[in-house]
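Peer 1: generate a structure from the sequence data that follows.
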Amino acid sequence: MKNKKKRKGVINYAPRCPYCGSTTVYRSATGIYADNPDNVMLYVCKRYPVCDAYIRTQKGTAIPIGVMANGKLRALRTDAHKLFDQLYLKHYMSKNTAYAWLSSILGVPYKKAHIGLLSEIQCELVIRETKKLLSWHDSHKNNSQRRFKNYGTDANADAGC
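Peer 2: The predicted structure follows:
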């Protein structure tokens, strides 16, 4: 059996549209994004805008970031990402710990814990669980701030200040 040679310059990343089965076109995000100053590239369903599925690529490459998504899934991923990012932006955990937590709630390996890979139901799970975790952290933060504030007040009163 002969070994097939890889042809240089051939990119095998182009995904098929999971919604309509059509091929995708590698193109600029201009015309899809309101503004595209960074010259973002996308894989767009060939039937766009009838089928509004597309996926962004890694900057400077033709490698997709995640899997194709329609408007509803893109909105859910955006909501999930905004909430999820709060876990490390509010310093409740490190970014690595946040992704380890994401990996555990999704039941996937750490390297597969990426918002761009999530389905609608997974996004809803991440949104629900992240809201719970943020609420828990916020309530515990507020309780500890009240205890500290009250502790300082009580100490001053006891000292005759």
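Peer 1: separation between the most centrally placed residue in the chain and residue 69?
Peer 2: Centroid-nearest residue in the chain, with CA atoms, centre = their mean: residue 115, separated by 3.1 Å. Going from residue 115 to residue 69 by CB to CB, to the nearest Å gives 10 Å. C-beta here means a position set from N, CA and C on the backbone, and glycine is covered the same way.
Peer 1: need the overlap of contacts for those two.
Peer 2: residue 77 (CB atoms under 8 Å, 6 or more residues apart in numbering).
Peer 1: ok, and the closest non-adjacent residue to the residue nearest to the centre of the chain?
Peer 2: Closest residue to residue 115 apart from its sequence neighbours, by CB to CB, 6 or more residues apart in numbering: residue 81 at 4.7 Å.
Peer 1: give me the pLDDT for that neighbour.
Peer 2: Listed pLDDT for residue 81 reads 97.
Peer 1: mind checking the SS state of it?
Peer 2: Under DSSP: H, G, I helix; E, B strand; the rest coil, residue 81 falls in the helix class.
Peer 1: give me the neighbour count for it.
Peer 2: Neighbourhood size, residue 81 [other CB atoms under 10 Å]: 18.
Peer 1: ok, residue 102 next?
Peer 2: Neighbour count of residue 102, defined by other CB under 10 Å: 23.
Peer 1: and residue 47, by the same measure?
Peer 2: 17.
Peer 1: ditto for residue 18
Peer 2: Neighbours of residue 18 using other CB under 10 Å come to 14.
Peer 1: confirm it sits in a helix?
Peer 2: No: going by three-state DSSP, the assignment for residue 18 is coil, not a helix.
Peer 1: contacts only, for it.
Peer 2: Listed by CB under 8 Å, 6+ apart, the contact set of residue 18 reads 53, 67, 68.
Peer 1: including secondary structure, could those go into TSV?
Peer 2: Formatted as TSV, the contacts of residue 18 follow (three-state DSSP):
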residue	secondary structure
53	coil
67	coil
68	coil
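Peer 1: which of the residues you listed are buried?
Peer 2: 53, 67, 68 (16 or more other CB atoms under 10 Å).
Peer 1: quick check: the gap between the closest residue in space to residue 19 that isn't next to it in sequence and residue 112.
Peer 2: In space, residue 19 comes closest to residue 53 once its chain neighbours are excluded; the distance is 5.0 Å by CB to CB, 6+ apart. Using CB to CB, residue 53 is found at 21 Å from residue 112.
Peer 1: just checking, what packs against whichever strand or helix holds residue 85?
Peer 2: In the assignment (DSSP states H and E), residue 85 maps to helix 71-89. On a contact count with 3 or more CB pairs under 8 Å, 6 or more residues apart in numbering; DSSP states H and E, helix 71-89 meets helix 95-106, helix 120-158.
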